[in-house]
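1. For reference, the sequence and a predicted model appear below.
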Amino acid sequence: MCGVQAFGDMKKHLSFALLLAAGICLPGFVAAHAIDTNYCDAKTYTPEVFDVQCDDRHIAFKSNGLPSTDHPLMKGVTATNQQFPRAHNYTFRIDRRPRPEGRKTPTEAGPIGVAVNGIPIFDPSTQGRVDPNTGMRPHTLVEGELDICGGHAGRGDDYHYHIAPRCLIEQLGAERIDVKKQPIGFAMDGFPIHALGWFDRKNDIEDKLDDCRGFTDANGRYFYNVMHAAKWDILTCFTGRPKGFAKDEWEARRDSRGHEIVGYPLKFTIAAYAVEEHGAERCHVASGVVPREQILLTSGETKKIENQAGALFYCNSGCYGMFFEADKRASFRGRVLYFDKVIEACPAAFDVAKFTGFEAYKGPPQSHKRPQSTRR
């Protein structure tokens, strides 16, 4: 079959259409990449998405913001805000009639779309300061904030992707990605996001993408295409007008003092993450290693630790173990953390004893220092 990349009104000419119908290829035209646009079919989405509805202008669907249970969440993260992927209550509304704008809109640190499993997609940037030399914020992948699936839990305990959702793409498989050419998600401007070439390099269009990582298929339909190699970029700017597309209802975690937990940044290499179900209670546990920190001991003295193994966990406001920054003292040099271990209200079946390693670093009672609550 001969196909073309869209070139203005040329494909409208009868003679050109006859050539295509006859299977005659014209020199200089690339292979067709006609994408699947059956976005109202529930089969376009994974089982984690529900209540798919369409009208003339919008696609709507819901999710709890968590992927398939076989995705190894948080594994591989080396820099964390000590947050956990918790269920949310999302409603997404995607524009069915996106149009290219005359001017491209750069992405900013924050949401840029949603994947077909109902998980938000964010710009790759962290909330770190802009580098004056590049004009860019730090990249989440470079900073070690992402798991092997390309995502992490933000400060709202909201799991989201910052780069191509690798585990999702593998879950969808070659048939859906490179044969049927179904989307892996939608951008905030309504245009679909694809992963052509991920499994079949014959579909590789990397060198044909525009500045936003967009491409127009043989039928004149525009889409974005993710990079299938590091840094696994999704899109770098919006071709259409980005619009608000999501609503969410959720309840923040709280500490034993009733304060909202928004997470304190910690270098912590996560080797494993698990959720334990204890009746209606869900206990989140991340096991791993702290490479280096200065820790406040119960005695009031400080100690430097290196490659210390242990676990962070949270069941409820009376059952958790997390690091916080200690109140500043004249004797402190640099930041000092303490491990706040609260176990008064742990579920009976939750074996706190097996989560050892950090319990010796519990500092004296004091107020937690909490960073500004921003969901990134």
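-> Great, that's in hand. Numbering: from 1, shown residues only.
2. how many other residues sit next to residue 339?
-> For residue 339, the neighbour count with other CB atoms under 10 Å is 23. Every C-beta, even on glycine, is put in place using the N, C-alpha and C of the backbone.
3. how far away is the closest residue to residue 249 other than its chain neighbours from residue 246?
-> Nearest residue to residue 249, sequence neighbours excluded (CB to CB, 6 or more residues apart in numbering): residue 89, at 4.2 Å. Here residue 89 is placed at a distance of 11 Å from residue 246 (CB to CB, to the nearest Å).
4. Who has more neighbours out of these two?
-> The neighbour count for residue 89 versus residue 246, taken as other CB under 10 Å, is higher for residue 246 (18 against 13).
5. State the pLDDT value of that one.
-> You'll see residue 246 listed with a pLDDT of 95.
6. List phi and psi for the nearest residue to it once chain neighbours are set aside.
-> If you skip the residues right next to it in sequence, residue 246 has residue 92 as its closest partner in space, 5.2 Å away by CB to CB, 6+ apart. Main-chain torsions, residue 92, degrees, to the nearest 10: phi -110, psi 140.
7. tell me the contacts of residue 92?
-> Counting by CB atoms under 8 Å, 6 or more residues apart in numbering, residue 92 touches 60-63, 114, 118, 245-246.
8. Swap in 7 Å and give it another go.
-> Each residue near residue 92 by CB atoms under 7 Å, 6 or more residues apart in numbering is listed here: 60-61, 114, 245-246.
9. Any figure for the gap between it and residue 84?
-> Separation of residue 92 from residue 84 (CB to CB) stands at 22 Å.
10. next one: residue 317
-> In terms of CB to CB, residue 317 sits 14 Å off from residue 84.
11. When the two are compared, which one has more neighbours?
-> Taking neighbours as other CB under 10 Å, residue 317 and residue 84 compare with residue 84 leading, 23 against 17.
12. that's a strand at the more buried one, yeah?
-> No - membership of residue 84 in a strand is not supported by DSSP: H, G, I helix; E, B strand; the rest coil, which gives coil.
13. Dig out what the residue nearest to residue 246 forms beta bridges with.
-> In this structure, residue 92 bridges to residue 61, residue 246 when assessed by DSSP bridges.
14. With residue 286 instead?
-> residue 273, residue 312.
15. Begin at 154, not 1, for the rest of this chat.
-> From this message on, residue numbering opens at 154, which makes the last subject residue 439.
16. how about the helices in the stretch 154-303 of the chain?
-> Counting by DSSP state H, counting those that start in this stretch, the stretch 154-303 of the chain has helices at residues 167-174.
17. give me every residue that touches residue 498.
-> Contact analysis of residue 498 by CB under 7 Å, 6+ apart lists 469, 471-472.
18. again, only using 8 Å
-> Residue 498 is in contact with 468-472, counting by CB under 8 Å, 6+ apart.
19. Give me the neighbour count for the nearest residue to it once chain neighbours are set aside.
-> In space, and not counting its chain neighbours, residue 498 is closest to residue 471: 2.7 Å by CB to CB, 6+ apart. Using other CB under 10 Å, residue 471 has 13 neighbouring residues.
20. how close does residue 471 get to residue 294?
-> 36 Å.
21. Please apply the same query to residue 272.
-> Remark: distance between residue 272 and residue 294 (CB to CB) = 17 Å.
22. Among those two, which residue is more densely surrounded?
-> Neighbour count, other CB under 10 Å: between residue 272 and residue 294, residue 272 has more, with 28 against 17.
23. Do I have it right that that one meets residue 315?
-> No - using CB atoms under 8 Å, residue 272 is not in contact with residue 315; the gap is 11.3 Å.
24. what do the two both touch?
-> Common neighbours of residue 272 and residue 315, counting by CB under 8 Å, 6+ apart, are residue 304.
25. just to revisit the earlier point, widest-spaced pair of the contacts of residue 498?
-> 468 and 470 (9.0 Å; CB to CB).
26. Which residues are in contact with the most centrally placed residue in the chain?
-> For the chain, residue 314 is the residue whose C-alpha lies nearest the centre (CA atoms, centre = their mean; 1.4 Å). The contact partners of residue 314, by CB under 8 Å, 6+ apart, come to 268, 272-275, 302-304, 321, 387.
27. Mind doing that once more with 7 Å?
-> Residues in contact with residue 314 (CB under 7 Å, 6+ apart) are 268, 272, 274-275, 303-304.
28. residue boundaries of the strands in the stretch 254-403 of the chain?
-> Using DSSP state E, counting those that start in this stretch, the strands of the stretch 254-403 of the chain run over 258-259, 264-268, 273-275, 304-306, 312-314, 338-340, 345-347, 367-369, 375-378, 390-391, 399-402.
29. Not counting sequence-adjacent ones, nearest residue to residue 257?
-> Leaving aside its sequence neighbours, residue 257 sits nearest to residue 390 (CB to CB, 6+ apart; 4.4 Å).
30. is that neighbour in a bridge, and if so with what?
-> residue 259.
31. quick one: it and residue 258 touch, right?
-> Yes - Residue 390 is in contact with residue 258 according to CB atoms under 7 Å; the separation is 6.0 Å.
32. Neighbour count for the two, which is higher?
-> Neighbour count, other CB under 10 Å: between residue 390 and residue 258, residue 390 has more, with 18 against 15.
33. and that one, how far is that from residue 253?
-> In this view, residue 390 and residue 253 are 12 Å apart by CB to CB.
34. Same check on residue 473?
-> Look at residue 473 and residue 253: by CB to CB, they are 48 Å apart.
35. Kindly report the same for residue 422.
-> Residue 422 sits 43 Å away from residue 253, going by CB to CB.
36. Please apply the same query to residue 493.
-> For residue 493, the distance to residue 253 - CB to CB - is 51 Å.
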